[in-house]
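Student: With the sequence up front, the predicted model follows.
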Amino acid sequence: MSDEFKIEIVNPEKSFLSKEDVNEVVVPAFEGEMGILKDHISIISFLKPGIITIQAKSGEEKYYVEDGIIEFKNNTLSILTSYIHNLKDIEKNKLLELLKNAEEESNKPEISDQLKYLADQKVETLKSIN
Amino acid sequence: MASLDDLKKRISSVKSTQKITKAMKMVAAAKLKRAQDSAEKGRPYSEKMNNIILNLSNGISDKETAPKLLSGSGKEQVHLCVVLTSDRGLCGGFNANIIKKAKSYFAKLNKDGKELKIITVGSKGNDQLKRVYGNKIIENISFKNSKNANYFDAEKVGKIIIEKFQKEEFDICTIFYNQFKNVITQIPQAQQIIPLNTKSDDQNTSEDNYEFEPDEDEILSNLLPKNISTQIFKAMLENSASEQGARMSAMDNATRNAGEMVDKLTIEYNRSRQAAITKELIEIISGAESL
């Protein structure tokens, strides 16, 4: 038996990515990073801003996400996200722009604690990419 | 009978109208392809979202404490209707169909003594509704500047709706849009999004035991607002495909009608030209005879 499972990433505009030969996925779940292997228990969870790492037979890929929901069921991992970007393709300028927006958001005075936390996460992740 | 000159002018004016409608048809056809593509590509997201929510709402232990977006506010008095239309005209019955559907729903609400509030998305719907329901329209949103339907616009609408719901300005929210079936058929739809209709065809709702992180309630209360934006986005995509489809067939008809009209006018033109020649001949002959 192989240890591979299927992953699907969709965003509102299109089906972003679909792979069948994934060994391990690490997602930035709301309560901490979470690694998912084959035959994981069915789970639904949230994503916070962070990096998804996909270990597949065809190589390792990294994606930056801002939010999302994941569902794992019957060895299929579905990730729904409204903003996702492949780290390989992302441009320096774009990164800096995102970082600036996130920092601005985090420094807003009237922001709620949860939003502030999310914005801080964003800033941290983006900084770590740079 | 119109003079030859008049007929000539009419023929050329119909011909230039035909050129315009033909061009519009071709533009709509090109746009339709793109809109259809993105409508199809957008489907997996909303379907998955729906599935997850269904699974979640089945797994939720206590219906009483369920988020209000799912269970409703417990009343059915104030209805919010979101009418999604296009910003441009000349697309056949596209807007009229949505408005008709919406108006019949409004009439029903009126009869039942419910209170009505309307949000229009797209300027054409606003134009048509404000005459009769002007005082009910609480918001008019238009995305004239964005070329294609995009998620950020949908999110904006979603946020407005949720904000109003949290302020308890309404109890039930329904959206109106055209579902794209094919180029000639668009079906006006009324879809209730708050409270969410969780009755489903059972095939997708497995009895799986999910692990939740964080717990169900928290996930649901985060997911439901997103779902509203997603549903609106889906409606917008369907709408834009429908709009282009409707425009294409309307313009196709217009082009054909213009062609028929040109033919008819040309025949009339030739006839009256001949009549004029015959008349002149008769005049000449009778003039020669009288000599």
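Tutor: Good, I have the coordinates. Numbers count the residues shown, from 1 in each chain, chains lettered A, B, ... in the order given.
Student: My guess is residue B:4 contacts residue B:272. True?
Tutor: Yes - between residue B:4 and residue B:272 there is a contact under CB atoms under 8 Å: 6.1 Å. Backbone N, C-alpha and C define where each C-beta goes, glycine included.
Student: Which one's more surrounded, those two?
Tutor: When neighbours are counted by other CB atoms under 10 Å in any protein chain shown, residue B:4 and residue B:272 differ, and residue B:272 comes out ahead with 16 against 13.
Student: three-state assignment of the more buried one?
Tutor: Following DSSP: H, G, I helix; E, B strand; the rest coil, the label given to residue B:272 is helix.
Student: Tell me the pLDDT of it.
Tutor: At residue B:272, the pLDDT value in this model is 93.
Student: List the buried residues in stretch A:66-78.
Tutor: Neighbour-count burial for stretch A:66-78, counted by 16 or more other CB atoms under 10 Å in any protein chain shown, picks out A:66-73, A:77-78.
Student: and what of stretch A:32-47?
Tutor: A:34, A:36, A:40, A:43-47.
Student: And stretch B:136-156, by the same measure?
Tutor: Those would be B:137, B:139-143, B:149-151, B:153-155, for stretch B:136-156 by 16+ other CB under 10 Å.
Student: Could you do stretch A:122-130 as well?
Tutor: Using 16+ other CB under 10 Å as the test for burial, stretch A:122-130 gives A:122-123, A:125-126.
Student: could you dump those to TSV with distance to residue B:40?
Tutor: TSV is the format used below for these (distance: CB to CB, whole Å):
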residue	distance to residue B:40
A:122	31
A:123	36
A:125	32
A:126	33
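Student: Just give me the closest of the residues you listed to chain B.
Tutor: Of all the buried residues of stretch A:122-130, chain B sits closest to residue A:122, with 16.7 Å by CB to the nearest CB.
Student: and the gap between that closest one and residue B:156?
Tutor: Residue A:122 is 20 Å from residue B:156, where distance means CB to CB, to the nearest Å.
Student: Can you name the two of the buried residues of stretch A:66-78 that sit furthest apart?
Tutor: Across those, no pair lies farther apart than A:66 and A:73, at 23.7 Å, counting by CB to CB.
Student: hmm, back to that, just the buried residues of stretch A:32-47: which are in strands?
Tutor: Judged by DSSP state E, strands contain the following of the buried residues of stretch A:32-47: A:34, A:36, A:43-47.
Student: which of those residues lies closest to residue A:10?
Tutor: Ranked by distance to residue A:10 (CB to CB), these are led by residue A:47 at 13.3 Å.
Student: Which segments of the chain make up each domain?
Tutor: Just going to use chain A. Using automatic domain parsing, the domain parsing of chain A gives A:5-86, A:92-129.
Student: meant chain B, my bad for not saying
Tutor: Taken from automatic domain parsing, chain B resolves into B:4-21+B:252-289, B:35-200+B:208-250.
Student: Go through those and pick out the most buried.
Tutor: Mean neighbour count (mean count of other CB atoms under 10 Å in any protein chain shown) peaks for domain B:35-200+B:208-250 among these, with a mean of 18.
Student: Endpoint to endpoint, it covers what distance?
Tutor: Using CA to CA, to the nearest Å, the end-to-end distance of domain B:35-200+B:208-250 comes to 17 Å.
Student: ok now that domain, how far from the chain's centre?
Tutor: 12 Å (CA atoms, centre = their mean, to the nearest Å).
Student: so, in contact with chain A or not, it?
Tutor: Yes - applying CB under 8 Å from any CB of the partner chain, one finds domain B:35-200+B:208-250 touching chain A at B:38, B:41-42, B:44-46, B:48-49, B:51-52, B:55-56, B:150-151, B:154-155, B:208-214, B:219, B:222-223, B:226, B:230, B:233.
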